[in-house]
Structures are given as structure tokens and as C-alpha cells.
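Trainee: just the structure for this:
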Amino acid sequence: MQYKNVVTRELLPDFIMSPFFRKPYSTTSLIQLGNLESALKNVEIISCIEFISFISAQCAKISKKSHKKLVVSVFETLTSIHKVPIYKWNVKSVLSTANLFIAYSKRSVDYLRYLSVDEDKIRMIYLGIDLEKFNPQLAKRSDEKLRVLFVGAYARQKGLSILLPAFARLCKKVPDCELWLVISQGGEDEGLVREYSKKFPIKIFHNLKYDELPKIYASCDIFCLPSLDWKKWGMKLWEEQFGFVLIEAMASGLPIVGSDCGSIPEIIGPSNPTVIQGSQDKLFLALLKMALDENFRKRLSKLNRSRSEHFFDIIKQRQKLEKTLLESFE
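Mentor: Numbering: from 1, shown residues only. Coordinates of the predicted model:
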């Protein structure tokens, strides 16, 4: 596919307020873009993300009015946010208008089916990353410390409240170990991390540039993502939907310990240990087994790199997406 006339335009939001997230913009934000219709005047296909978003609903309206094709990329999995009154109209508008849904996981496919989306409109294509950038060959270690890596936020749903006490127990069994935390955003567990870092070997990296991440992965031995479902008002509002950090870790040859939250088991596959979310004991035992068994770690390292090459190579995934779009809109 030849790419021509790639133009970017920054459109100012008309209004921002997120009732569920503190960050200024998310797909739940009450936001529409000014001058969007004029910006899309000369395009044939409109692509947006998620069916709950106010911007997606705006795109659906423009698509219907101007007879343009609408493609919706879907991370969303089995949560209840589509039932929230302020999003119901968005969901109805987008689902009835879109010509194609690109689901980024099998769990997202199941969610679209649950919402009665026509099977002919659904395609599942995993996301990909640069496998040259994230590569086990970057590893150059001059010490024998065992390092557990977490990449995420201080937000409660990322599971640091479970990981920290599990790591504290690990330190008693494996004295020469460290926990590295790469943190991108604030959240409820920031104070908890600060307290544990006074007592245990925890190294914190704040707001690293993306190009700095590959060396961080390559400097560690185990990756851990113990995410938790996030529930509010009796509804599940969030679960781990894909997890770019998981495929970055796999591409870097790291064995992974994950929770059973959302799409984590699907993305990391059956070889990596998956523990019941919220269980400090299960997480500790999984980390301990991996820490004490170097051969197990080496085997998982090879399997994970191979898995990333098979499922998450950005070049292959881009080609699949291009083929899907061409076949769908010939």
C-alpha cells in the first residue's frame, strides 16, 4: 500500500470532563472536537477508537451524513460501561453506523458479539511493536541481582498493592533481588510505594521516554503485571484490555507473571504463570518459583520471544490490517 498526502491537524476539544478517570482525556471523557467535519471533508474512510467515546459518536454522525465508511478500533472488553446512561447513545449510534470493527483481542471480539454486532463486521488483529527495538540481545548485565520489573501507573487497578507485599516476602527468600517500577502516571498507590521503598530494594523510574524502555526491560529478569478489575457502583468499569507492556516484555525475552485480569492470560499465553487477581500468596509463590528456577526463566524467555515474533510483530500486523481494509472496502 502506498501512503500519500499524510496530513496531521490538531483539533481543539469543545469540552473535557472524565467522570471515571483523572487524566485529562480518555475514551470516557465528555469531549467532542471542533471543526471535525470540515477536517474530514476529503477523506473516504473515518477511523476512530471505541464505541463508547463521544468522539466516536461524532464520527458516526459525520459518516452517516456524508456517506463515508467508518472503521472502529476496539480495545474494550467485557465491562459494563456501555450501560452508563451518558454513553448509551454513543454506543447505539456507533454500533449501528460502523462498517467495520477491528478488535485487538479475542476478548474484544467476544464483547462485540455480546453487543450483537454483525459477525461480518468483526475482524481480530493483534497490535504489534518494533521487535528490533525490544530485543533480548540488548541485555548487558554486570551484576547478579535478580530484578522484577513492573511498568504502569500508581493507579490502584494496576495491582501494586498486591505486588509490593509479595515482593517484600520474596526479599526474605531471595536476598539479592530488586523491584524496578517504571511509572507513567500518578494514582492511589503512590504513597504505598513510597513507604515500601524505604524498607526494600525498590528503584523507581518516572516518566521515561519510550526509547529508554528497551534497556530497562533488558536489564531485568522477570516482568510482573498483577492488574485488578476496577468496579464502581456495582459495575465493572475496567479490566486489563490488552497491555502493550506485556508484548514489550515478551519481545525483550522476559518471563512474565500476570494476573487473570481481562486479556492478560490471552496475551501472555499458557506458558507464563497466571495467578488469581488480588491474591498476594499466589503472586508471591509464582514469583518465588520463577526466581529460584533459572532454567524455567530461560525456557520462558525463548518461548516469549518466539510468541512475540509470531503474534505481535508490528510489520506483520500492519500488513494484516492493510489487507483487511483493502478487502473490506474494495
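Trainee: residues contacting the nearest residue to F312 once chain neighbours are set aside?
Mentor: Closest residue in space to F312, ignoring its immediate chain neighbours: I247 at 4.4 Å, by Cβ to Cβ, 6 or more residues apart in numbering. For the C-beta atoms, the positions are set from N, CA and C on the backbone; glycine is no exception. Neighbouring residues of I247 by Cβ atoms under 8 Å, 6 or more residues apart in numbering: 127-129, 267, 308, 312.
Trainee: give the buried residues for the helix or strand that contains I247.
Mentor: Per DSSP states H and E, I247 falls inside helix 244-251. The neighbour-count check on helix 244-251 (16 or more other Cβ atoms under 10 Å) flags 245-251 as buried.
Trainee: partners of the helix or strand following that helix in the sheet?
Mentor: Following helix 244-251 in sequence order, the next helix or strand is strand 256-259 (DSSP H and E). Its sheet considered, strand 256-259 pairs with strand 222-225 (parallel), strand 274-275 (parallel) by DSSP bridges.
Trainee: mind giving me the packing neighbours of the next helix-or-strand element following the shortest one?
Mentor: Pointing back at strand 274-275 there. Using DSSP H and E, the helix or strand that follows strand 274-275 towards the C-terminus is helix 280-292. Helix 280-292 is packed against strand 146-152, helix 160-173, strand 222-225, strand 256-259, strand 274-275, helix 294-311, with contacts defined by 3 or more Cβ pairs under 8 Å, 6 or more residues apart in numbering; DSSP states H and E.
Trainee: can you put these in JSON lines and add mean pLDDT, mean neighbour count and distance to E240?
Mentor: Shown next, in JSON lines, are the helices and strands packed on helix 280-292 (pLDDT from 0 to 100; neighbours: other Cβ atoms under 10 Å; distance: least, Cβ to Cβ, whole Å):
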{"stretch": "strand 146-152", "mean pLDDT": "97", "mean neighbour count": "23", "distance to E240": "10"}
{"stretch": "helix 160-173", "mean pLDDT": "97", "mean neighbour count": "20", "distance to E240": "14"}
{"stretch": "strand 222-225", "mean pLDDT": "98", "mean neighbour count": "26", "distance to E240": "7"}
{"stretch": "strand 256-259", "mean pLDDT": "98", "mean neighbour count": "26", "distance to E240": "8"}
{"stretch": "strand 274-275", "mean pLDDT": "98", "mean neighbour count": "20", "distance to E240": "12"}
{"stretch": "helix 294-311", "mean pLDDT": "97", "mean neighbour count": "16", "distance to E240": "17"}
